[in-house]
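**Q** what's the 3D shape of this:
(2 chains)
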Amino acid sequence: MRKQFCDAMVARAARPDLMFLTGDLGFMALEPLQAALGSRFINAGVAEQNMVSVAAALAREGLETWAYSIAPFIYARPFEQIRNDVSFHGLPVKLVGNGGGYGYGVMGPTHHAIEDYGTLLALPGMAVYVPVFDEDLAAVVDRVGNEQRPSYLRIGRGEPPKGWTPPAYAPWRRLVQGRGAVVIAVGPLAGTYVAALQALDESRRPDLWALAELPVALPSVPADILSALAGGRRLCIAEEHVAQGGVASQLLLALAGAGLGVAGLTHLHARAHHYERYGSQAWLRRQSGLDPDGLLAALDLA
Amino acid sequence: MKSGANVSAQTVLEARRRLLRMHHEAGVGHIGGNLSSLDALLVAFHEALGPADRFVLSKGHSAGALYTALWSAGRLSDDDLRTFHQDATLLAGHPPARGIADILFATGSLGHGLSLAAGTALGLRARQSPGRVLCLTSDGEWQEGSTWEAFIFACHQRLDNLTILVDHNGLQGFGSTAEVASMAPLWDKLRGFDAEVSVIDGHDLDAIRAALAPSGRLRVVAMQTVKGKGVSFLEGRMDSHYLPLSAPQYERALQELSAR
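**A** Numbering: from 1, shown residues only, chains lettered A, B, ... in the order given. Next up, the predicted model:
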């Protein structure tokens, strides 16, 4: 999604009040944006704490301010700066983390971002965007750009299955229809399930939904999901994030708060940082049971 | 922002008395570092800061001096100061996030303010505003890595509309800056960057006045100050960093500040 992100930002670069900060990342990717923005593209160096506070101050001066790094370095290192300088003041800084989840898999655990949105959503007024497909970026960059709240954009790899066209961007999208369990998958993970679920017979096939905006608030949950759950269908939530603070706890709290129950729950999530060995994003997803085979096995569909 | 009135020795005495009264009525300490930075804040808010300018208090534990300077310049009222440290106040022990126009940021975690000031200076430049930014840091705060990140950034970006004040009173939370993690000679280290560095007596009003005049360059003003300045039994004392004054101490301090 990095290229699509850059393209979308270049399209937005004509705005005279747009400022873009990077923590010395974006080589072979963000050069077109650098060229488009000129002096409004600032490499803030290897100094994420300073970058985030500078971004807060720029936003306070009324400038549309984006701060970019790879995901773990934009939310974890400068967390206090996000909390104190951005969030406490409700400033609409746009934090962008590339390679969310296990995106930088074999680079090692320091580069994994599997507690990012749960951590940031603990802060007041934070909005999180987890686009699903590369094609989403144009719409998502517009939405984040127009946010009046602090926001976090988690980008990763979002290729749709070959020969399949994703539906136009929306916070919730049904990707596969079936009469089986309701599967809600967060961000790009959703796209990885399409082919495996399409291959199933319609009577057993889950309803697959892709979720791209957090936190989960009940009014935004599609009525089809609520009626399916009310009808006793099993719920499965899959997210490339640790269980704590993830979408499952958000959604279940929202449902319980409205007096709505769930007949059965399967929660697939990132299993933590302490694997003894490392591998690609696909390998790490497999270790967590987040790959398509893991989903089918968890739902007794293998 | 500025009151238009020049700061006199009498202005400083009156502000010290009001600061002590505010802290005493609230039963609150952190007096030493407030008194060490008060003179500079008075000159800033009375004389230096124009309507387009900004101020960032990085040493948030000197909020009392900031509130007192704003009161002295007519930006906060006596009634406002009476709410200091009380329930439902805007005047918390560290600056509030919102509600007081002259206070841009909630600070108090050290090492944030210089970045916020640098970002503000960059923002003013991007907006082609003539405004400039003053930022008051503590000396202990230069032990924070993020302060150095900010200083590197400010120098590299040539933020010539930024003036950084350092309240060098030599004492921090649990010892002297020399004993805890010495940076001496800090000024020589800062001079290694592309900034104009001057060392002044932080209680000499004329020296402060000159240091806060626009210079058209990124400037660091190292203010040699005295913790607890103006109250003999607080001056240079470690316990003035945290402890509130007892009733007899308060009376004695007022006498000292009235007799001059």
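
**Q** so which elements touch the longest helix that chain B contains?
**A** When chain B is parsed with DSSP state H, its longest helix is helix B:9-26. For helix B:9-26, the elements it packs on are helix B:31-43, helix B:63-72, helix B:78-82, helix B:247-258, judged by 3 or more CB pairs under 8 Å, 6 or more residues apart in numbering or on different chains; DSSP states H and E. Any C-beta I mention is one placed from the backbone N, CA and C, and that applies to glycine too.

**Q** how far off centre is the first one?
**A** In other words, helix B:31-43. Distance of helix B:31-43 from the chain centroid (CA atoms, centre = their mean, to the nearest Å) equals 6 Å.

**Q** and the second one, by the same measure?
**A** Relative to the chain's own centre, helix B:63-72 is displaced by 9 Å; criterion: CA atoms, centre = their mean.

**Q** same deal with the last one?
**A** Relative to the centre of its chain, helix B:247-258 is centred 23 Å away, using CA atoms, centre = their mean.

**Q** could you give the mean pLDDT of stretch B:177-191?
**A** Averaging the model's pLDDT scores along stretch B:177-191 yields 92.

**Q** out of the helices and strands packed on helix B:9-26, flag the one nearest chain A.
**A** With respect to chain A, and counting by CB to the nearest CB, the nearest of the helices and strands packed on helix B:9-26 is helix B:63-72 at 14.5 Å.

**Q** hmm, back to that, which of the helices and strands packed on helix B:9-26 sits most buried?
**A** Mean neighbour count, computed with mean count of other CB atoms under 10 Å in any protein chain shown, is highest for helix B:31-43 among the helices and strands packed on helix B:9-26, reaching a mean of 29.

**Q** for chain A, which helix extends over the most residues?
**A** Assigned via DSSP H, chain A shows its longest helix as helix A:48-60.

**Q** the helix or strand following that helix versus helix A:48-60: what angle between them?
**A** Per DSSP states H and E, the first helix or strand lying C-terminal to helix A:48-60 is strand A:64-70. Note on geometry: by axes from the mean of the first three to the mean of the last three CA atoms, to 10 degrees, strand A:64-70 and helix A:48-60 are set 160 degrees apart in direction.

**Q** quick one, phi/psi of the closest residue in space to B:G140 that isn't next to it in sequence?
**A** Nearest residue to B:G140 in three dimensions, chain neighbours excluded: B:Q172, at 3.5 Å (CB to CB, 6 or more residues apart in numbering or on different chains). As for B:Q172, its main-chain torsions (degrees, to the nearest 10) stand at phi -130, psi -160.

**Q** roughly how far out does stretch A:171-191 sit from the chain middle?
**A** That offset, for stretch A:171-191, works out to 14 Å (CA atoms, centre = their mean).

**Q** strands of chain A, residue ranges please.
**A** Remark: strands assigned in chain A by DSSP state E are A:18-22, A:41-43, A:64-70, A:94-98, A:127-129, A:151-155, A:172-176, A:182-186, A:207-211, A:213-214, A:235-239, A:265-269.

**Q** if we can go back for a sec, which one of the helices and strands packed on helix B:9-26 lies nearest to B:T137?
**A** helix B:31-43 (9.8 Å; CB to CB).

**Q** counting contacts, what elements does that closest one pack onto?
**A** helix B:9-26, helix B:63-72, strand B:133-138, strand B:162-168, helix B:205-212.

**Q** any chance of those in a markdown table, plus mean pLDDT?
**A** Compiled in a markdown table, the helices and strands packed on helix B:31-43 are given as follows (pLDDT from 0 to 100):
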| stretch | mean pLDDT |
| --- | --- |
| helix B:9-26 | 97 |
| helix B:63-72 | 98 |
| strand B:133-138 | 98 |
| strand B:162-168 | 98 |
| helix B:205-212 | 98 |
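
**Q** turn those into CSV, columns for distance to A:G257.
**A** Below are the helices and strands packed on helix B:31-43 laid out as CSV (distance: least, CB to CB, whole Å):
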stretch, distance to A:G257
helix B:9-26, 40
helix B:63-72, 39
strand B:133-138, 45
strand B:162-168, 48
helix B:205-212, 54
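
**Q** figure out which of those is closest to B:E251.
**A** Here helix B:9-26 is closest among these (CB to CB), at 9.5 Å.

**Q** which residues are contacting that closest one?
**A** B:5, B:29-31, B:34-35, B:38-39, B:42, B:46, B:64-65, B:67-69, B:71-72, B:81-82, B:84-86, B:205, B:230-231, B:244-245, B:247, B:250, B:253-254, B:257-258, B:260 (CB atoms under 8 Å, 6 or more residues apart in numbering or on different chains).

**Q** so where's chain B shaky on pLDDT?
**A** Residue ranges of chain B with pLDDT under 70: B:259-260.

**Q** near chain A, which residues of it show up?
**A** Within chain B, the positions near chain A by CB under 8 Å from any CB of the partner chain are B:97-98, B:104-107, B:109, B:111-112, B:115-120, B:122-124, B:126-127, B:145-146, B:149-150, B:152-153, B:156-157.

**Q** please repeat the previous calculation with a cut-off of 6 Å.
**A** B:97, B:106, B:109, B:112, B:115-116, B:118-120, B:123, B:146, B:149-150, B:153 (CB under 6 Å from any CB of the partner chain).

**Q** what about stretch A:140-155, distance to the chain center?
**A** The mean C-alpha position of stretch A:140-155 is separated from the chain mean by 11 Å, CA atoms, centre = their mean.

**Q** I am finished for the moment; much appreciated.
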